[in-house]
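1. got a predicted structure plus its sequence, pasted below:
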There are 2 protein chains.
Amino acid sequence: MANMEAYDNLMNKMKEIIVLGSATAIVQWDMEAYMPPKGIMLKSEQLSQLSKMIHRMVTDPEVGQLLETVEKGSKALDEVQKRNASLVRRAYDKETKVPEDLVARLAKQQAISVEIWKKAKAANDWKMFEPDLQKMVNLSRERSEIEAKVKGIPNLYDSMLDEFERGLTSSLVTKVFSELRDRLVPLTKKCAEASKELDTSFLSRKVPIETQMKIATDVATLVGYDTVTDQAGGRIDQVEHPFTTGYYDDVRITVKYHEDNVSSAIYAILHEAGHALYEQNLNPEWMYTPVGANASYGIHESQSRFIENLIGRSPEFLRYYLPRLNKLTGGIFSDINETAFIKAMNLVKPSLIRIEADEVTYSLHIIICYEIEQDLFSDKISVSELPQVWNEKYEEYLGLDVLDDTNGVLQDTHWASGYYGYFPSYALGNIYDGMFLEKLNKEIPDWLKQTEKGNLLPSLKWMARHVHSESALYDPADLIEKITGNKLTAGPFLDYIEKKYSTIFGF
Amino acid sequence: MANMEAYDNLMNKMKEIIVLGSATAIVQWDMEAYMPPKGIMLKSEQLSQLSKMIHRMVTDPEVGQLLETVEKGSKALDEVQKRNASLVRRAYDKETKVPEDLVARLAKQQAISVEIWKKAKAANDWKMFEPDLQKMVNLSRERSEIEAKVKGIPNLYDSMLDEFERGLTSSLVTKVFSELRDRLVPLTKKCAEASKELDTSFLSRKVPIETQMKIATDVATLVGYDTVTDQAGGRIDQVEHPFTTGYYDDVRITVKYHEDNVSSAIYAILHEAGHALYEQNLNPEWMYTPVGANASYGIHESQSRFIENLIGRSPEFLRYYLPRLNKLTGGIFSDINETAFIKAMNLVKPSLIRIEADEVTYSLHIIICYEIEQDLFSDKISVSELPQVWNEKYEEYLGLDVLDDTNGVLQDTHWASGYYGYFPSYALGNIYDGMFLEKLNKEIPDWLKQTEKGNLLPSLKWMARHVHSESALYDPADLIEKITGNKLTAGPFLDYIEKKYSTIFGF
């Protein structure tokens, strides 16, 4: 078979897998958003079956044969085609070593563990969740051990990190996280000191859910995430734990509303819209091929956290949005001046819930999760010890008493889902954002001035051009270096955050 | 391989197909209920890919080999196992003759045609729809010609009927439909005459959508369709054209609300709940095997129309429900007496929209669709002539001017979906109901008295026992004969309807 014919055949097979993957995302979305409660066992069968099918298609011996033909004649391929072939090779070599039965059991257990986690979280009942978490840890370990072997990564948790952020190691994470800690802990203290008299109680003023839904649509539209026109490729649904899912023309975000916390909804929408825009803005020419995908979870978080924090929590955006928010709510904060609003929306205060943490303490939550995962997968601690270890670390790092497991070890869905090694992506997202910001400030010095006028396009377009349109053409470390000219460094993020908060709180 | 081992392996393969089918149903439901508009092309790819996968799995040569082993030792099988093997054989022989490519193109075109139909219907623009309907007709014809050949059915439209109602022929349909027409046309006239002074304008009183949603949940709960408890296996969503979809523990219904037509929502919910209860009450021991399915589309319609009409439009149910409806709406009909309410809810009046037609004229709509389909697939008329033919028949059979295509040839989704030969199932449902009713009246003479007290269980349980729990163990004609002792006859339905309406309208 001619080389290009083999390449085309290989890409046809990839399209089938990618389309089936996008259908699987709908089935998962349905589980979180609309499934009736009795449907959970059937849903676990559906997700298990779909995972099996995808695994079968990826490991199809014909894929291996086509790959060999393509690789033999790789000189004829352009850069994008080479990247596609190498992404298929990576998946093929790994998945052919993972037994189908394990794939099926993992998918089934994931659906069940997530369902039990929801109930256990609602009931504040760790013991209810523990057995299914243990199963998930065991199955994930089984899979990760195979992956680590295929990739030749000696440390199990390093291999887990590598699944979410290609090339990332725990020694690198530990290094940058200690830089974060060294500067964020004192910054947290300074901010807390400077804002200890601050009254932010007005943020708990009640805003009816219907009004919050209008605000959600408004901020989504403002950042260019369309859920309303007849060309909309997005939508907003309510779930217990917000997430984003989809592919190119159909990417959906989710939110949880709290009547007494309108800012929670605003930042959830900004965060998830950041994820969604990345997927929607992938290079359209690469749709249905492996390179038509995001670069990594860390890059993904950089996109969500850029819109949430670097835009959404900037004084410039807040000055623009306060009158608009007052208009939408009939003047909920009409007695609050700009400075008080900006300070309140940027209040730095150690708190129990990661997803509601401020920009400064946020990374400390991630460091806690990271250290616990490391210990769990090097057998220093067991699943049953997780609540105790969790509580001790929150006391040590954030000075907080964890009152119950619902607001402690049970708060997040990641472990129920088997996403071990994911948490560091969030902090990496911050670090990447710092590096992007340096570049963006040089190239478009007035982007924040534009933001203050309600024109968010300059920074959004910059991200679309430099990050989204590159899609999965590079591994994350290479993409970062291509865009910023530098290797991973926490410096720019720490410089940004120290400057921003010392300005806001005047120290 | 031992016979029972082959049987178990075959059933494992069937479980995979059935589970994937249930996932496909979710993806289709999503298309109708929640997909953002830009997602249609991706959705058509998803549905096409899923159809391909299912087709590949059904036609897997291993299925053929296992089937042969099972059939050779069929003496060892019990009745249910034999039925399972024969249902697989039927599907295998047919699907192995249908090219995968045709399956994929049909699924893709179906998604696109349905989307275009929605737009064309909203815009009253037949020309917008015609090209995609033509494509759907061509593809369906291509598939049906193959099916007809495999089944040895000489007439193309007969084979289409057979796909929805095994063993049904157009000569039988023509015969029973002419019986229907002969007695329904004069009955329509008598009813219209007897009710010409009737004022039913109160039925258009406005009921807010939120209140209608509560009424929907109320009537669903009343017939035992659970959408509210933490064991619920159902839910209600809003769509353009109501349908039911799902499998055993997760079966969902849909509705369209009109502020000035609360009875439309009530009957849509009763109808779809009838479909849903059938799927939820299938024999649980047979879940994930071929026999764990409905018997046919006609039997399905008998279940939906039984709850909609024989229960929901009975004077007994209406007497029970009127006070309850008044309570839920703050007395919307508190000035209306029982007799006026019963007459209004049973008003017989030729109308343009099938799904809102009364019980008497309903079958005339079906006869129109049936005759048009027959002519279309015997090339007596072309796709472009459909609007004209439609309008002529509505004039001839119902004495009505069709004002626009939205309320005419564009009203239904069936042709956009490629469901040619489906319409007769609705009228068959009526006929089956008449036959069931004869038996039910003998076995539980007081079921309507119970209904009047709000106890709907006697007739619902009778249906679950005689129809639902038999699942797909028999072909529809055999099931009808087993339950009623008779072959298909329209007599009991016509007797029922003449008696009911002469009593209500006093002639």
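-> Everything's here; your move. Numbers count the residues shown, from 1 in each chain, chains lettered A, B, ... in the order given.

2. buried ones in stretch A:345-360?
-> A:345-352, A:354-360 (16 or more other CB atoms under 10 Å in any protein chain shown). Where you see a C-beta, it was placed from the backbone N, CA and C, and this is true even at glycine.

3. to clarify, my last question referred to stretch A:85-94.
-> If you call a residue buried by 16+ other CB under 10 Å, then stretch A:85-94 has these buried ones: A:85-89, A:91-92, A:94.

4. from those, which ones fall inside helices?
-> A:85-89, A:91-92, A:94 (DSSP state H).

5. contact residues of chain A facing chain B?
-> A:16, A:19-20, A:22-23, A:26-27, A:30, A:34-39, A:41-43, A:45-46, A:48-50, A:52-53, A:227, A:230-235, A:237, A:247-250, A:252, A:288 (CB under 8 Å from any CB of the partner chain).

6. circling back to that earlier point, format the buried residues of stretch A:85-94 as TSV; extra columns: pLDDT.
-> Output for the buried residues of stretch A:85-94, formatted as TSV (pLDDT from 0 to 100):
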residue	pLDDT
A:85	98
A:86	97
A:87	98
A:88	98
A:89	98
A:91	97
A:92	98
A:94	96
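
7. can you tell me the residue of the stretch 201-350 of chain A closest to chain B?
-> Taking CB to the nearest CB as the measure, the stretch 201-350 of chain A has residue A:250 as its residue closest to chain B, at 3.2 Å.

8. I'd guess residue A:237 is in a strand, am I close?
-> Yes. Under DSSP: H, G, I helix; E, B strand; the rest coil, residue A:237 sits within a strand.

9. who does it bridge with?
-> residue A:254 (DSSP bridges).

10. residues contacting it?
-> Residues near residue A:237 by CB atoms under 8 Å, 6 or more residues apart in numbering or on different chains: A:29, A:33-34, A:252-255, B:34.

11. so which of these is the most crowded?
-> Using other CB atoms under 10 Å in any protein chain shown as the neighbour criterion, residue A:253 leads the contacts of residue A:237 with 28 neighbours.

12. and that one, what's its pLDDT?
-> pLDDT, residue A:253: 98.

13. thought it was touching residue A:272?
-> Yes. Proximity of residue A:253 to residue A:272 meets the contact threshold set by CB atoms under 8 Å, at 3.7 Å.

14. now do the shared contacts for these two.
-> A:242-244.

15. and which of these is nearest residue B:383?
-> The shortest distance between residue B:383 and any of the shared contacts of residue A:253 and residue A:272, using CB to CB, involves residue A:244 and amounts to 42.0 Å.

16. so which helix or strand takes in the spatially closest residue to that closest one that is not a sequence neighbour?
-> Here the nearest residue to residue A:244 in space, its sequence neighbours aside, is residue A:275; by CB to CB, 6 or more residues apart in numbering or on different chains that works out to 3.8 Å. Secondary-structure element containing residue A:275, defined by DSSP states H and E: helix A:262-280.

17. which other helices and strands does the helix or strand following that helix contact?
-> On the C-terminal side of helix A:262-280, the closest following helix or strand by DSSP H and E is helix A:297-305. If contacts are counted by 3 or more CB pairs under 8 Å, 6 or more residues apart in numbering or on different chains; DSSP states H and E, helix A:297-305 sits against helix A:262-280, helix A:424-443, helix A:476-484.

18. could you give the angle of the longest helix belonging to chain A to helix B:3-33?
-> Ranked by residue count under DSSP H, the longest helix found in chain A is helix A:3-33. With axes from the mean of the first three to the mean of the last three CA atoms, to 10 degrees as the criterion, the two stretches helix A:3-33 and helix B:3-33 enclose an angle of 80 degrees.

19. what's the domain layout of chain A?
-> Chain A breaks down into these structural domains: A:3-152, A:170-505 (assignment by automatic domain parsing).

20. which one, of these, ends up nearest to residue B:494?
-> Ranking the domains of chain A by their distance to residue B:494 (criterion: CB to CB) puts domain A:3-152 first, at 39.0 Å.

21. residue A:466 - how many residues pack around it?
-> A count of nearby residues for residue A:466, using other CB under 10 Å, gives 17.

22. was I right to think it contacts residue A:484?
-> No. Distance between residue A:466 and residue A:484: 9.2 Å, which falls outside the contact criterion (CB under 8 Å).

23. any residues in contact with both of those two?
-> Joint contacts of residue A:466 and residue A:484 (CB under 8 Å, 6+ apart) are A:436, A:439.

24. so who does the residue positioned nearest the centre of chain A touch?
-> Against the mean C-alpha coordinate of chain A, by CA atoms, centre = their mean, the closest residue is residue A:301 at 4.4 Å. Contacts were defined as CB under 8 Å, 6+ apart; by that measure residue A:301 touches A:425-426, A:428-430, A:432.

25. so what's the residue nearest to residue A:244 up against?
-> Residues in contact with residue A:275, defined by CB under 8 Å, 6+ apart, are A:244, A:253, A:300, A:303-304.

26. hmm, which of those residues are the buried ones?
-> When the contacts of residue A:275 are checked for burial by 16+ other CB under 10 Å, the buried set is A:244, A:253, A:300, A:303-304.

27. any idea which of these is closest to residue B:454?
-> Closest approach between these and residue B:454, by CB to CB: residue A:253, at 43.6 Å.

28. pLDDT weak spots in chain A?
-> Scanning chain A for pLDDT under 70 picks out A:1.

29. give me the number of residues near residue A:131?
-> By other CB under 10 Å, the residues close to residue A:131 number 12.

30. what helices and strands are in contact with the helix or strand containing it?
-> In the assignment (DSSP H and E), residue A:131 maps to helix A:126-151. Here helix A:126-151 touches helix A:79-95, helix A:100-123, helix A:156-164, helix A:362-377, going by 3+ CB pairs under 8 Å, 6+ apart.

31. tell me the angle of the second one relative to helix A:126-151?
-> Meaning helix A:100-123. Here the directions of helix A:100-123 and helix A:126-151 differ by 150 degrees (the same axes, to 10 degrees).

32. residues in contact with helix A:100-123?
-> Residues from elsewhere that reach helix A:100-123, judged by CB under 8 Å, 6+ apart: A:31, A:40-41, A:43-45, A:47-52, A:55-56, A:59, A:125-126, A:128-129, A:132-133, A:135-136, A:139-140, A:142-143, A:146, A:240, A:405-406, A:410-411, A:413, A:416-418.

33. got a list of what residue A:194 touches?
-> Residues in contact with residue A:194 (CB under 8 Å, 6+ apart) are A:505-507.

34. one more: residue A:346?
-> Going by CB under 8 Å, 6+ apart, residue A:346 touches A:313, A:358-359, A:500-501, A:504.

35. try residue A:15
-> The neighbourhood of residue A:15, defined by CB under 8 Å, 6+ apart, consists of A:288-289.

36. in TSV, list the buried residues of stretch A:85-94 along with distance to residue B:102.
-> Converted to TSV, the buried residues of stretch A:85-94 look like this (distance: CB to CB, whole Å):
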residue	distance to residue B:102
A:85	31
A:86	35
A:87	32
A:88	28
A:89	33
A:91	30
A:92	30
A:94	35
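
37. still on that earlier bit, which among the contacts of residue A:194 count as buried?
-> residue A:505.

38. could you single out the nearest of the contacts of residue A:194 to chain B?
-> Nearest to chain B among those, with distances taken as CB to the nearest CB, is residue A:505, at 41.3 Å.
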